[in-house]
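Asker: what's the 3D shape of this:
(2 chains)
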Amino acid sequence: MRARIATTLSAVALALLPSCAPVNSAKSPAQEPAAIGEAAPKDPAAWRLAIPTPGVKSTLSFPTPHLLTLENGLRLYSLPTQASTLSLSVVIRHDVQTLPNDKPGLAALTARLLTEGTTVHPDLKLAEAIEALGTDFTVDTGRDGTTISIEALPADLDAALKLLAEVAIKPAFSPKTFDRVRAQWVDNVRESLQDPRSLSSIIGFEALLGKGLGTPVHGYPDALLRYTVQDIVRCHSTVYLPGNASLNVVGDFDPTTLTKLVQKHFGEWRKRAGAQRPILPTLPAATTTTTTTHVLLLDRPRSPQSAIFVAHTLPARGAPGYAERELLVTAFGGLFTSRLNQNLRESKAYTYGAFGNYLATRHFGALAISTSVETKFTADAVREIVRELSDLGLPTTPRPLVSDEVDRARADIVHSLVEHLGHTNRISADLVQLFVHDLPLDQLAKLTAEIQAVPLDALRRTATELIKPTTLTIAIVGDAASIRPALNALGYPVKDVQKLGDGESLQPSPM
Amino acid sequence: MSASRLLVAVLVLGFSSPNRVASAADGPPASVNPQVTLVSIPAEKLTLQNGLEVILHQDKSLPRVAINIWYRVGPVNQPEGRSGFAHLFEHLMFEGSKHVGHQFDHLLEAAGATNVNGTTSWDRTNFFETVPSEYLELGLWLESDRMGFLLDAVNQERLDVQREVVLNERRQSYENAPYGASYLTLMNAIFPVGHPFHDGAIGSERDVKRATLRDVKQFFKAFYSPSNATLTLAGDFDTQRAKALIIRYFGPLPGQVPLARPAPPCSLVPEPSCRKDFPVRLPPPQALTVRESVSLPQVAVAWVTPAAFSDADLALDVASAILADGKTSRLYRTLVTEERVASSVSAWVDSTATDSMFQASAVGTAGGDPGKLEGLLQRELDHFRKDGPTETEVARAKHKLLLSTLSDLQNLNGSGGDSGRAGTLQRLNHYLGNPAHLQAWLTRMSKVSANDVHTTLQKYLGPEHRVLVRTLPNAPDKTPPAAKGAAQ
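Answerer: Predicted coordinates:
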């Protein structure tokens, strides 16, 4: 399988699909009459040289989700479809402003405990109830909130909503269960720290953004072991409020029935005076003290590859110009044909894949590049990544963005949004973003139009303004003995890392 | 590439309480057939004169069409000493063809294609993409050109680059990934030297380095022809126009004498041509230890099991869900919740046209006793084999499998090209010879009983052919890591 990365975009609304960019024919033999003329006598299949022209352009009206705000403040986003399974999710907003940033992983551990028993279905009874529906809870905590989701058969809408409401509103948080689940969660975090790629991004984000914004959402083992069940209860009572939550339902349901069932199961979720959904201002872009490119190195003796993470900050999700930033990063590193992957994989063969993402949260944004390269090419790969960023962002670059690569990125972003409509889970994930980022119901139409409208010269200016090839945070997990000399020769300060920010010791065992 | 749990589904749509599910498993209720109809995939199958099979499933609800091609070739067809070659060849299929040039990915991305990829499984290799409807012809042009004219574009330089890319894929997915080396050790123990699955689909570094351009040419000529492939379209297209385009682009490609396709297992299709030779190469019982750069131990146990879509294969899919799907599952309840010796558990069947593999594994806890983890995992598996599941467990597992199947069938193309509607049609066609067998398969699944699962466990998951691999953390280096590097 070839390495791929999904371009994540978050939106859904109503739009008319704009035209696709024409395919790149600049290098096509079909566009070179001389080649055709020479080849034709020899090749009976020369007619295949012509690139087929597209048929009649398809159009699509994106469905509009319905929004209903319950009396207690809970927002219900719903979209009926003909799908044979339902997707349901409850979303809770929380972030560095609503929870103490000295407790890394507390929100994630709280969310994990929700599905370990309720006051109605204690302990295993809850699992038996949800699994009897042929389904299970999926809990995902990110930097802007927590999503608890399930799939269900349409006939089970009532039962599914009942259980979803229970876990959000009536978790048991029994001390005995807390002790067991915390220990398990700590081991799950330890397991993720075994992966050099996860480690490089954790180290990189922490160095880039500092404590709080840069802290891993799943927490550190040492810190998690200090929390008590009272911390969990406090976290839950602070942010699990109907005015701070949304409910998303997508699939085959009757709207009137849905409204009644939601009132029945979520209507009892009491709002608390003065605790409505906080109006969270979008903070200015995170600023770091980074003044020069620097390398953080975690030794993993005898690693056959080095996991490399390269990042710098970008404006947050809500700052003006989101479409430009999404387009810029997708063109640079989001596609298989992006210059980053073409260079490191298809030209140099240093890696199985190299990709860049725009991580866009409420409080910060970041360009984050990840790749794993053969150990002996570690410094070469870093040099090439920095060169690609310089070529993208420096005003005097000889290789500014060109229309072909930008049009491929436009096509990818727009058509990926259409692809979302093919599954209730993907539509539901888009609805989550509407709530989390305070986006309008016609967000998809707006974003689609914006992506199509960004002029090339404006995008080049955006690249010059935002890409920072001289103030990069680079985190590498690899065999220090092998790679250090060449890394030193790059001229960037190299700092050894042995602990995460909370004092968590990092000592990978050797290969 | 593992066969997904989507291989199994049951006929319990509309039944949501455990008791009613159990009754559905005891005997098909009256409403079974209408419910099964809900998960059908209407499709038409035809065969071109050159042997290319074509399956068409029309659904105009979104302006997109999935293009999905399966070639009946995989590691099972590799020459001696060329492990990993089928997969390396898959990479080369993206490197250009005579009339397209080296623009395959560029053209598809410019058109707005999504999910563009290829995968190599034990007995098949697939290539797929989902394109906007108006670009169907572009996709057919691209696929037909690499089916017919790949060798005109492949050269030593592209082979060398993709060889290094594949070796980096091997490093990233196995050598430098937690428990990756343990997986390859398990594969090599359960499929000994001489078995085509030995060294895994990724192959050994030595063999991948040995592959030559001559190997590439021979492999292409032997296996990449219309007569050894099936093209499936799923989505928004005009049927007559699609047929005309397929004939235009694929019709002129020369076919070959069709290769023998994997015969269906006897338990599924009782006909003279079915396979009677299972199991062919059962390994001796083994317990191996691998040391890795991990902090948590792992224990994995595996057996060779019957072919995809056999009765035993369906029963083992149900068994894997009973063992490790959800908090009510046996391994989770015992090892994670009650004994607290594991932080996670898993079980699955990797099903193929010949030899499949059933595996159950558990990741331990920090500072926990790996011996206790291993002992309890074996104890639970032994209990399961001795006593079998309850009807309630079987019903719950089948309900989960139904829901996941229905969810998956929303997709036109699944992420690995072997799921979603196009991938499911391909799997049914590849292993059963008929994409219309969905109904029959689901009906068989609905009848899997606790006794069926018990009998299958007794027959195939015994101690005499069990392979166990325990993964233990490496001892830390005596030299402090950073200091060691800095001293250079």
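Asker: and the closest residue to residue A:202 other than its chain neighbours, how many neighbours?
Answerer: Taking CB to CB, 6 or more residues apart in numbering or on different chains as the measure, residue A:202 lies nearest to residue A:216, with 5.0 Å between them; neighbours along the chain are not counted. Where C-beta positions appear, they are placed from N, C-alpha and C, glycine not excepted. Counted with other CB atoms under 10 Å in any protein chain shown, the burial measure for residue A:216 works out to 23 neighbours.
Asker: what does the one 3 residues further on give?
Answerer: Other residues near residue A:219 come to 24 when the count uses other CB under 10 Å.
Asker: backbone dihedrals for it, please?
Answerer: Its backbone dihedrals place residue A:219 at phi 90, psi 180, with angles given as degrees, to the nearest 10.
Asker: that one touches residue A:108, doesn't it?
Answerer: Yes - counting by CB atoms under 8 Å, residue A:108 is a contact partner of residue A:219 at 6.2 Å.
Asker: any idea how far the closest residue to chain B within the stretch 351-500 of chain A is from residue A:383?
Answerer: Among all residues of the stretch 351-500 of chain A, residue A:480 sits closest to chain B, at 2.5 Å; criterion: CB to the nearest CB. For residue A:480, the distance to residue A:383 (CB to CB, to the nearest Å) stands at 18 Å.
Asker: hmm, back to that, number of nearby residues for the residue of the stretch 351-500 of chain A closest to chain B?
Answerer: Neighbour number of residue A:480 under other CB under 10 Å is 26.
Asker: ok, now the one 10 residues further on?
Answerer: Burial of residue A:490 is recorded as 16 neighbouring residues (other CB under 10 Å).
Asker: and the one 10 residues further on, by the same measure?
Answerer: Applying other CB under 10 Å, we find 22 other residues in the vicinity of residue A:500.
Asker: for residue A:102, same thing?
Answerer: For residue A:102, the count of nearby residues is 11 (other CB under 10 Å).
Asker: check residue B:259 too.
Answerer: A total of 14 residues lie near residue B:259 under the criterion other CB under 10 Å.
Asker: what domains does the record give for the chain?
Answerer: Since no chain was named, I'll use chain A. Partitioning chain A according to automatic domain parsing yields domains covering residues A:66-266, A:294-496.
Asker: can you look at chain B instead?
Answerer: Using automatic domain parsing, the domain ranges for chain B come out as B:5-22+B:275-473, B:44-250.
Asker: residue numbers of the stretch 101-250 of chain A in contact with chain B?
Answerer: For the stretch 101-250 of chain A, the residues in contact with chain B (CB under 8 Å from any CB of the partner chain) are A:124, A:127-128, A:131-136, A:151-153, A:155-156, A:159, A:180, A:183-184, A:186-188, A:190-191, A:193-196, A:221.
Asker: and those residues, which are buried?
Answerer: A:127-128, A:131-136, A:151-153, A:156, A:159, A:183-184, A:186-188, A:190-191, A:193-196, A:221 (16 or more other CB atoms under 10 Å in any protein chain shown).
Asker: quick check, stretch B:191-205 touching chain A?
Answerer: No - counting by CB under 8 Å from any CB, chain A has no neighbours in stretch B:191-205; the shortest distance is 9.5 Å.
Asker: what is the end-to-end distance of that stretch?
Answerer: End-to-end span of stretch B:191-205 (CA to CA, to the nearest Å): 18 Å.
Asker: what about the strands in the chain?
Answerer: In the absence of a named chain, this looks at chain A. When secondary structure is read from DSSP state E, chain A shows strands at A:66-69, A:75-80, A:86-93, A:138-141, A:145-152, A:245-251, A:294-299, A:305-314, A:351-360, A:365-374, A:473-478, A:494-496.
Asker: actually it's chain B I care about, not the one you picked
Answerer: B:44-47, B:53-58, B:64-71, B:114-120, B:125-132, B:229-235, B:286-292, B:298-305, B:342-350, B:356-364, B:467-473.
Asker: to residue A:443, which of those lies closest?
Answerer: Checking these against residue A:443 by CB to CB gives strand B:114-120 as the closest, at 19.9 Å.
Asker: coming back round to it: okay, the strands of chain A in JSON lines with mean pLDDT next?
Answerer: What follows is those, written out as JSON lines (pLDDT from 0 to 100):
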{"stretch": "strand A:66-69", "mean pLDDT": "97"}
{"stretch": "strand A:75-80", "mean pLDDT": "97"}
{"stretch": "strand A:86-93", "mean pLDDT": "97"}
{"stretch": "strand A:138-141", "mean pLDDT": "97"}
{"stretch": "strand A:145-152", "mean pLDDT": "97"}
{"stretch": "strand A:245-251", "mean pLDDT": "97"}
{"stretch": "strand A:294-299", "mean pLDDT": "96"}
{"stretch": "strand A:305-314", "mean pLDDT": "98"}
{"stretch": "strand A:351-360", "mean pLDDT": "98"}
{"stretch": "strand A:365-374", "mean pLDDT": "98"}
{"stretch": "strand A:473-478", "mean pLDDT": "98"}
{"stretch": "strand A:494-496", "mean pLDDT": "96"}
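Asker: need the winner for burial among the ones you listed.
Answerer: For the strands of chain A, average neighbour numbers computed from mean count of other CB atoms under 10 Å in any protein chain shown are highest in strand A:473-478, which has a mean of 28.
Asker: which helices and strands does it pack with?
Answerer: Applying 3 or more CB pairs under 8 Å, 6 or more residues apart in numbering or on different chains; DSSP states H and E, one finds that strand A:473-478 makes contact with helix A:196-209, strand A:294-299, strand A:305-314, helix A:378-393.
Asker: how far off strand A:351-360 does the last one point, in degrees?
Answerer: What that stands for is helix A:378-393. On the basis of axes from the mean of the first three to the mean of the last three CA atoms, to 10 degrees, helix A:378-393 is oriented at 50 degrees to strand A:351-360.
Asker: where does the stretch 351-488 of chain B have low pLDDT?
Answerer: B:476-488 (pLDDT under 70).
Asker: residue A:248 against residue A:433, yeah?
Answerer: No - if you go by CB under 8 Å, residue A:248 and residue A:433 don't touch, sitting 10.3 Å apart.
Asker: excluding its backbone neighbours, what's nearest residue 53?
Answerer: Looking at chain A here, since you left the chain open. Nearest-residue entry for residue A:53: residue B:137, 7.9 Å, with adjacent residues in sequence omitted and distances by CB to CB, 6+ apart.
Asker: not quite, go with chain B.
Answerer: Of all residues apart from its sequence neighbours, residue B:230 sits closest to residue B:53 (CB to CB, 6+ apart), at 4.0 Å.
Asker: quick one: closest of the helices and strands packed on strand A:473-478 to residue B:340.
Answerer: Closest to residue B:340 of the helices and strands packed on strand A:473-478, according to CB to CB: helix A:196-209, at 24.2 Å.
Asker: surely residue B:210 touches residue B:82?
Answerer: Yes - at 7.1 Å, residue B:210 counts as touching residue B:82 under the criterion of CB under 8 Å.
Asker: which of these two has more neighbours?
Answerer: Set side by side, residue B:210 and residue B:82 show unequal neighbour counts under other CB under 10 Å, the larger going to residue B:82 at 22 against 16.
Asker: I am finished for the moment; much appreciated.
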